[in-house]
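**Q** What follows is a predicted protein model with its sequence.
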Amino acid sequence: TVKATFAQRAAKATHPLANYLLRLMDLKQSNLCLSADVPNARELLSLADAIGPSIVIFKTHYDLVAGWDYHPKTGTGARLGALARKHGFLIFEDRKFGDIGHTVQLQYTAGTARIIDWAHIVNINMIPGKPAVKALADAAKHWRSRVNYEVNTSVTVGTPVSDSFNDNGDDDEEADKVGAMHPLPPPTQHNETGTTGRKGSIVSITTLTQSFEPVDSPRFPNAIAEGEELVYPGIEEPPWERGLLILAQMSSAGNYMTPEYTRACQEAARENKDFVMGFIAQGTLNTEPDDDFISMTPGVQLPPEGAEEDAVMGDGLGQQYNTPSKLVGDAGSDIIIVGRGILKAGAPRAEAERYRRRAWKAYLARTGQRT
Ligand code: UP6
């Protein structure tokens, strides 16, 4: 799989979200994930809009964003969802779940953030053991059938759906009602076939009509007007399936993830293939012939333009940085995750493009394609 192209791997991928992501990467010529560690929700949304064209994944830590709006229809998650459809990227909440199965199910689907409603991808710190992976998989399956039910029966937004995960037994009826809704609009108002796409392939263009009310407030510069076209031309909206990444290796100095621990993560992934789409790791972890997991790697920085390759080392707090050519080219990682390398640059948009080009070039070289 290290030599196979993303398009070849997409053709074989059985996980719906992995299939979608691999096609998106091929179409956008991007294997870049932005780690959007910014202080507030307003910045988060304008960042998603500005950098959206360069990335395939937008990674959040919702709990370090001040002013995160939890409303399922008009809140930060829903707004990110609209931007994800507009630019063609997936949302990855880097929650690193790390508790017993029952607790992680609730953290994933309920509470304030209702992460599952807006994050296509989440990850798990597998310290509690394999059952926590299975618990998240079950929660996602349950959620998926609720979405199915809502879509098929065209449940009007706002109608509570009986749901054991969401029924928290409190008296806040309005919150329960709101929480039972799905923040994303039902799929596809109409499809037309067009001829866009970089490779001149015939692809389907889906036009979506925004179905949650726009909030006309200067706090939300990215509120989307009704009827506005939302989808990146060339690919349909993401499937409703959710995906999990297992944190199998870390970028930080002195971390406790031993090779044995990493092997256990690989086993857990193989045992939960219809939910686990890949790893957070420092290179590919596809070691068995049947493995085709997607590896995403944090701890990435490029030295400033013109400086020596080895100029970038760490952040003084344990973070260790490598370059895209080392991680994607030599170690076989698929997607680079970049935060401060882009965010702290004078011109983040241009810097995101520089990272995209470098990581894509490393991928082309690795897979023996012309660069
Ligand atoms: N992250 C790591 N290393 C890991 C796992 N996750 O850095 O092993 C996450 C951090 C941060 C991002 O939580 O959000 O990736 C890296 O940010 P940076 O590029 O600004 O260092």
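**A** Nice, thanks for sending it over. Numbering: from 1, shown residues only.
**Q** okay, CA-based contacts and neighbour counts for the rest of this
**A** OK.
**Q** show me what contacts the most centrally placed residue in the chain?
**A** Centrality entry for the chain: nearest residue to the mean C-alpha point is Phe92, 2.8 Å, by CA atoms, centre = their mean. Shown here is Phe92, whose contacts under the criterion CA atoms under 8 Å, 6 or more residues apart in numbering are Ile57, Phe58, Lys59, Thr60, Ala119, His120, Ile121, Val122.
**Q** swap the cut-off to 10 Å and go again
**A** Neighbouring residues of Phe92 by CA atoms under 10 Å, 6 or more residues apart in numbering: 33-35, 57-61, 115, 118-123, 243-245.
**Q** Tell me which entries of those residues lie within strands.
**A** 33-35, 57-60, 121-123, 243-245 (DSSP state E).
**Q** Keep only these that also lie close to the ligand.
**A** Applying CA under 6 Å from any ligand atom to these, one finds that Ser35 fall near the ligand.
**Q** about what we covered before: out of the contacts of Phe92, which are buried?
**A** 33-35, 57-60, 115, 118-123, 243-245 (16 or more other CA atoms under 10 Å).
**Q** ok so the residue nearest to the centre of the chain is a helix residue?
**A** No: using DSSP: H, G, I helix; E, B strand; the rest coil, the secondary structure at Phe92 is strand, not a helix.
**Q** Put the alpha carbons of the helix ranked longest in the chain into CSV.
**A** Criterion DSSP state H: the longest helix present in the chain is helix 130-152. Output of helix 130-152 as CSV, limited to C-alpha atoms (Å, rounded to 0.1, in the frame of the first residue of the first chain):
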residue,chain,number,x,y,z
LYS,A,130,-9.7,-2.9,22.8
PRO,A,131,-13.3,-2.9,24.2
ALA,A,132,-13.3,0.9,24.1
VAL,A,133,-12.8,0.7,20.3
LYS,A,134,-15.7,-1.7,20.0
ALA,A,135,-17.8,0.6,22.2
LEU,A,136,-17.2,3.6,19.9
ALA,A,137,-18.0,1.4,16.8
ASP,A,138,-21.3,0.4,18.4
ALA,A,139,-22.2,4.0,19.2
ALA,A,140,-21.5,5.0,15.6
LYS,A,141,-23.6,2.2,14.3
HIS,A,142,-26.5,3.2,16.5
TRP,A,143,-26.1,6.9,15.4
ARG,A,144,-26.0,5.8,11.8
SER,A,145,-29.4,4.0,12.1
ARG,A,146,-30.9,7.1,13.7
VAL,A,147,-29.7,9.2,10.8
ASN,A,148,-31.1,6.7,8.4
TYR,A,149,-34.4,6.8,10.2
GLU,A,150,-34.5,10.6,10.1
VAL,A,151,-33.6,10.8,6.4
ASN,A,152,-36.0,8.1,5.3
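**Q** Buried residues, that helix. List them.
**A** Buried residues in helix 130-152 (16+ other CA under 10 Å): 130, 132-137, 139-140, 142-144, 146-147, 150.
**Q** re the thing from before, go through the ones in strands among the contacts of Phe92 and say which is closest to the ligand.
**A** Ser35 (5.4 Å; CA to the nearest ligand atom).
**Q** Any idea what that closest one is bridged to?
**A** With DSSP bridges applied, Ser35 shows beta-bridge pairing to Lys59.
**Q** how near is Ala82 to the ligand?
**A** 22 Å (CA to the nearest ligand atom, to the nearest Å).
**Q** neighbours around that residue, how many?
**A** 24 (other CA atoms under 10 Å).
**Q** element containing it, please.
**A** helix 76-87 (DSSP states H and E).
**Q** worst-scoring helix or strand of the protein, pLDDT-wise?
**A** strand 203-207 (a mean of 27; mean pLDDT, DSSP states H and E).
**Q** quick one, helices of the stretch 251-371 of the chain?
**A** 259-271, 324, 340-343, 348-366 (DSSP state H, counting those that start in this stretch).
**Q** show me the contacts for whatever residue of the stretch 101-250 of the chain ends up closest to the ligand.
**A** Closest approach of the stretch 101-250 of the chain to the ligand (CA to the nearest ligand atom) occurs at Met250, with a separation of 3.1 Å. Counting by CA under 10 Å, 6+ apart, Met250 touches Tyr256, Met257, Ile280, Ala281, Gln282, Thr297, Pro298, Gly299, Gln319, Gln320.
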